[in-house]
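In: return a 3D structure for these sequence lines:
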Amino acid sequence: MSTRCQIGFYQNLHAPLAKPNAIIYRHSDGYPDTEHGVIDTIVPLLRKHKALREFWDAEYIAAYCLARWLDDPQCCLGYGVTQRLHSDIDYYYAVYEQYIVVYTAHYLSMVAKITFDDLEEHSKVGW
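Out: Predicted coordinates for the structure are as follows:
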């Protein structure tokens, strides 16, 4: 079974978790600590984007990451742009200008609704 996740991008370091500026749904390779997982593939993109632009724009960086992932044949397929949490995710990534917070979502079923209150912090990664 695929490891699904969502990646929220936040403009403000103090923004509430439930208020991302953009959310990407990733159908597979959603683990935080695998070779083609989220951390391994997003951190180089965040660093490259930071080197190209001098300011953080959460919506723009979300679009940039999505475009790069869709360009890479080695990376997983199955992305979407969403407005809410999906019920089938295992992980949620909150991406801020200086770090990423990884949350576990405790996926139960396709019909159970997951809210931001259901997320449990797993780890924090500086980039």
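In: what is the least confident helix or strand in this structure?
Out: Across the helices and strands of the chain, the lowest-confidence element by mean pLDDT, DSSP states H and E is strand 120-126, at a mean of 87.
In: residues of that one that come out buried?
Out: For strand 120-126, the neighbour count (16 or more other C-beta atoms under 10 Å) marks V125 as buried. C-beta here means a position set from N, CA and C on the backbone, and glycine is covered the same way.
In: elements contacting that strand?
Out: strand 99-104 (3 or more C-beta pairs under 8 Å, 6 or more residues apart in numbering; DSSP states H and E).
In: any idea of the mean pLDDT in the strand it packs on?
Out: Taken as a whole, strand 99-104 has an average pLDDT of 93.
In: if you count neighbours, what's buried in that strand?
Out: Those would be 100-104, for strand 99-104 by 16+ other C-beta under 10 Å.
In: show me the two of the residues you listed that sit farthest apart.
Out: The span of those, defined through C-beta to C-beta, is set by I100 and T104 at 14.0 Å.
In: any chance of TSV for the buried residues of strand 99-104, columns distance to H14?
Out: TSV is the format used below for the buried residues of strand 99-104 (distance: C-beta to C-beta, whole Å):
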residue	distance to H14
I100	16
V101	13
V102	19
Y103	17
T104	23
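In: ok, the residue nearest to D88 when sequence neighbours are not counted - contacts?
Out: Closest residue to D88 apart from its sequence neighbours, by C-beta to C-beta, 6 or more residues apart in numbering: R4 at 5.2 Å. Listed by C-beta atoms under 8 Å, 6 or more residues apart in numbering, the contact set of R4 reads 25-28, 30, 86, 88-90, 107.
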